[in-house]
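>>> Structure for the following, please:
(chains A and B)
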Amino acid sequence: MRWTQTFIPTLKEVPADAEVPSHQLMLRSGMIRQLMAGAYTFMPLGYRVIRKVSEIVREEMDRAGGVELFMPALQPMDLFERTGRREAFGNVLFNFETKRGHFALGPTHEEVITDLVSREIKTYKQLPITLYQIQTKFRNEERPRFGVLRTSEFLMKDAYSFATSLEQLNVQYDAMYNAYCRIFERCGLAYIPVEAESGPIGGDASHEFMAPADNGEDFVVRCKDCGYAANQERADTGRASAVPAKVDGAAEPNQVDTPNAGSIDDVSKMLKTDPSTFIKTLIYVADDKPVAVLVRGDHEANEGKVRRALKATNVELADEATIVKVTGAPVGFAGPVGIQCPFIADHDVAGIASAITGANAKDAHLIGVIPGTHFELTETHDLRNAAADDPCPKCAAKLEIVHGIEIGHVFKLGTKYSESLDANYLDREEKKHPIIMGCYGIGVSRVVASIVETCHDENGIIWPMNVAPYTVALIPLNVKDEDTMTAATKIYDELTAAGVDVLMDDRDQRPGFKFKDADLIGLPVRVIIGGKGLKEGNAEIKLRTDAEATKIPIGDAVAHVRGLIANA
RNA sequence: CGGGGCGUAGCUCAGCCUGGCUAGAGCGCUGCGUUUGGGACGCAGAAGUCGCAUGUUCGAAUCAUGUCGCCCCGACCA
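The predicted structure is shown next:
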């Protein structure tokens, strides 16, 4: 492609609306333009990357036994009613009514594919099967952000597996998991597979693939020693239960006035103490019964862990009325001493020798509360989010926390959708069973943004070879010089004939201008033709990551470039 | 949906606090000429309902109220 024949509007200055690197660079390099919040046009350069990533995804899905199809984005609302996801999605689901009925724009396709399978799959002989598509998804994000990393409309590869047994499902799941690893590797994207909040089947039923990035919205907990990695929501800690001995003859706690200081922050400032000496008392409602959850003041309670510790099916933070009823005080002054409901405590609560807690009275806290002495403590649980330096649950080395962008998710669904949508098969004995499903997603547009987010320097993008919009930037220094253009065009034609994607910058601009743009759009190989080099009979060739170009005789330039590509 | 910020030329921004000439700069764009190894230079030019509405005022880009849009933090995110 010749630059003057395509449409790559680069920007010299950073647009004011863009904050994160991928957003800035994708705008500046002319890859994307915004239509409105959360909706972007992929410009020719950006769309080429989308296509390259999509093609890698297709190849690996096919290799893993997937079969591609294409489903409607326009879906009947009725399907979401039947699976109960109309309510689960809530406002995230774009939906609208017309004379013909009530429709949704697909946020994902479990409903549509399960409905399809319920009609077409009848016997165990048709299973197992894995179907996938690459399609636009619609989610009415409350707050789209970070350019193309989080949008209301985005491109996703979604795959669904159907099986007759957990063994079959596990084979399909592993095939997808391995395919995902290959996809991200081929895309040149660093990734961490992490254990994610598990689904209805439990165990290792869900993994997320995270691209480590400073601007990632997710937190990954990982162990550098043994490789354990999990989403912070999910991560266990290797801490042990510790029950403190009762202290005989301990002084009673002192009640102190803390007017209008209902948060740990306020109180710790007022009393000039560290939040780690506080016991945070959160009132939850677990299966309709109030229960207090105690964690150290500088820790965050984890709802999933609370649910599991209580063996409850549903856990949520209590409303204000419940809190007043249980503590006798407004929100912010709860404490374990004298509270009118059961409570459970995190392991680290036991380690506080003398704690500050709410006094269960308005504008008052207790100091000098000794766990196990001033309130009963016979067992402790893992109830909080893992934090840096916690012991690894597998090997006890220190955990670290890194930010990540979720780029893929594999999930053992079980029979949730097949049951609600009647997707069954008949076994050998003609007995009917719900089909066992898995689902597997990759955010294709988010993968593209993640690559930019992680592969750039101060001058621009640094494309990995396999996903670069073009592989070679061919720069004739002076398009008005006949010798230069003759030599450049020859190389352009030969590379193109060899199947190499070349972008020739044939704009009538000064060299410096073109070099800046070449760095910005970040093609992996740069070939410069003209000037002193051409007089010596050389082309100057360098990788985007090289500091200096190598002089190669013009006649060997094409072979040299092909060698660079082959060895990448 | 709560909190904060910003809307002035295609882009980046100044002017607004303290209302007053014909609304500015740099970059970009058009034409001509010179130039050609890291975002050139000269000359000439085009381009703005100052987001929108209402109000205050003799007079509003500037003050007030409302509204829309965008960005950031938080809540939310099968």
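>>> in the stretch 1-150 of chain A, which spans are helices?
Counting by DSSP state H, counting those that start in this stretch, one finds helices in the stretch 1-150 of chain A at the ranges A:21-28, A:44-63, A:77-83, A:85-89, A:110-120.
>>> Buried residues of the fourth one, list them for me.
Meaning helix A:85-89. Along helix A:85-89, these residues count as buried under the neighbour rule (16 or more other C-beta atoms under 10 Å): A:Arg85, A:Arg86, A:Phe89. For glycine as for every other residue, the C-beta is placed from the backbone atoms N, C-alpha and C.
>>> Show me what from the stretch 101-250 of chain A comes close to RNA strand B.
Counting by C-beta under 7 Å from any atom of the strand, the residues of the stretch 101-250 of chain A close to RNA strand B are A:Pro107, A:Thr108, A:Arg139, A:Glu141, A:Glu142, A:Arg143, A:Pro144, A:Arg145, A:Phe146, A:Arg150, A:Glu217.
>>> Could you dump the helices of the stretch 1-150 of chain A into a markdown table with mean pLDDT added?
Converted to a markdown table, the helices of the stretch 1-150 of chain A look like this (pLDDT from 0 to 100):
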| stretch | mean pLDDT |
| --- | --- |
| helix A:21-28 | 96 |
| helix A:44-63 | 98 |
| helix A:77-83 | 94 |
| helix A:85-89 | 88 |
| helix A:110-120 | 97 |
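>>> Of the residues of the stretch 101-250 of chain A next to RNA strand B, grab the buried ones for ChimeraX.
Buried subset of those, written as a ChimeraX selection, criterion 16+ other C-beta under 10 Å:
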select /A:107,108,139,141,144,146,150
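>>> In a markdown table, list the residues of the stretch 101-250 of chain A next to RNA strand B along with distance to A:Gly304.
Compiled in a markdown table, these are given as follows (distance: C-beta to C-beta, whole Å):
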| residue | distance to A:Gly304 |
| --- | --- |
| A:Pro107 | 23 |
| A:Thr108 | 22 |
| A:Arg139 | 23 |
| A:Glu141 | 23 |
| A:Glu142 | 22 |
| A:Arg143 | 24 |
| A:Pro144 | 27 |
| A:Arg145 | 25 |
| A:Phe146 | 26 |
| A:Arg150 | 23 |
| A:Glu217 | 18 |
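>>> for chain A, longest strand please?
When chain A is parsed with DSSP state E, its longest strand is strand A:399-414.
>>> returning to what we had before: just the helices of the stretch 1-150 of chain A: most buried one?
Of these, the one with the most neighbours on average (mean count of other C-beta atoms under 10 Å) is helix A:21-28, at a mean of 24.
>>> In CSV, list the C-alpha atoms belonging to that one.
Extracted in CSV, the C-alpha atoms of helix A:21-28 (Å, rounded to 0.1, in the frame of the first residue of the first chain):
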residue,chain,number,x,y,z
PRO,A,21,-1.1,5.2,26.3
SER,A,22,-3.1,2.8,24.1
HIS,A,23,-5.8,5.5,23.7
GLN,A,24,-3.3,8.2,22.9
LEU,A,25,-1.3,6.1,20.5
MET,A,26,-4.2,4.6,18.7
LEU,A,27,-5.6,8.1,18.1
ARG,A,28,-2.3,9.6,17.1
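>>> Tell me the secondary structure of the residue lying farthest from the centre of chain A, please.
Going by C-alpha atoms, centre = their mean, the residue of chain A most distant from its centre is A:Gly249, 52.8 Å out. Classification of A:Gly249 by DSSP: H, G, I helix; E, B strand; the rest coil places it in coil.
>>> Kindly state the pLDDT recorded for it?
On pLDDT, A:Gly249 comes in at 84.
>>> Over to the one 10 residues further on?
The pLDDT attached to A:Pro259 in the predicted structure is 81.
>>> Compute the number of surrounding residues for the nearest residue to it once chain neighbours are set aside.
Closest residue to A:Pro259 apart from its sequence neighbours, by C-beta to C-beta, 6 or more residues apart in numbering: A:Asp363 at 4.6 Å. For A:Asp363, the neighbour count with other C-beta atoms under 10 Å is 16.
>>> shouldn't A:Asp363 be in contact with A:Val256?
No: contact criterion C-beta atoms under 8 Å: A:Asp363 and A:Val256 do not qualify, at 9.8 Å.
>>> residues in contact with the spatially most central residue of chain A?
The centre of chain A sits closest to A:Glu406, judged by C-alpha atoms, centre = their mean, with a distance of 1.2 Å. Neighbouring residues of A:Glu406 by C-beta atoms under 8 Å, 6 or more residues apart in numbering: A:Glu208, A:Phe209, A:Met210, A:Gly216, A:Glu217, A:Asp218, A:Gly443, A:Arg446.
>>> Whichever residue of the stretch 151-300 of chain A sits closest to RNA strand B and A:Gly404, how far apart?
Of all residues in the stretch 151-300 of chain A, A:Glu217 sits closest to RNA strand B, at 6.1 Å by C-beta to the nearest atom of the strand. Applying C-beta to C-beta, to the nearest Å, the value for A:Glu217 to A:Gly404 is 8 Å.
>>> wait, which of the residues of the stretch 101-250 of chain A next to RNA strand B is closest to A:Gln126?
Nearest to A:Gln126 among those, counting by C-beta to C-beta, is A:Thr108 at 23.3 Å.
>>> Would you check that the closest one makes contact with A:Lys137?
Yes: A:Thr108 is within contact range of A:Lys137, at 6.1 Å (criterion: C-beta under 8 Å).
>>> which residues are in contact with both of these two?
A:Met156, A:Asp158.
>>> Next, please give the residue ranges for the helices of the stretch 451-568 of chain A.
Going by DSSP H, counting those that start in this stretch, the stretch 451-568 of chain A shows helices at A:482-497, A:511-521, A:531-535, A:557-567.
>>> which helices and strands sit right next to the second one?
If you count contacts as 3 or more C-beta pairs under 8 Å, 6 or more residues apart in numbering; DSSP states H and E, helix A:511-521 packs onto strand A:460-461, strand A:472-476.
>>> So is the shortest one next to RNA strand B?
No: applying C-beta under 7 Å from any atom of the strand, one finds strand A:460-461 out of contact with RNA strand B, separated by at least 7.8 Å.
>>> Within the sheet, what are the partner strands of that strand, with directions?
strand A:456-457 (antiparallel) (DSSP bridges).
>>> what does the strand or helix carrying A:Arg307 rub up against?
Following DSSP states H and E, one finds A:Arg307 within helix A:303-310. Here helix A:303-310 makes contact (C-beta under 8 Å, 6+ apart) with A:197, A:233-234, A:284, A:286-287, A:291, A:293, A:312-316, A:344, A:381-384.
>>> quick one on the thing from earlier: among the residues of the stretch 101-250 of chain A next to RNA strand B, show me the least confident.
The member of these with the lowest pLDDT is A:Glu142, at 78.
>>> residues in the stretch 451-568 of chain A within reach of RNA strand B, list them.
Checking the stretch 451-568 of chain A against RNA strand B by C-beta under 7 Å from any atom of the strand, the hits are A:459, A:477-478, A:480, A:508-513, A:515-520, A:528, A:530-534, A:540, A:549.
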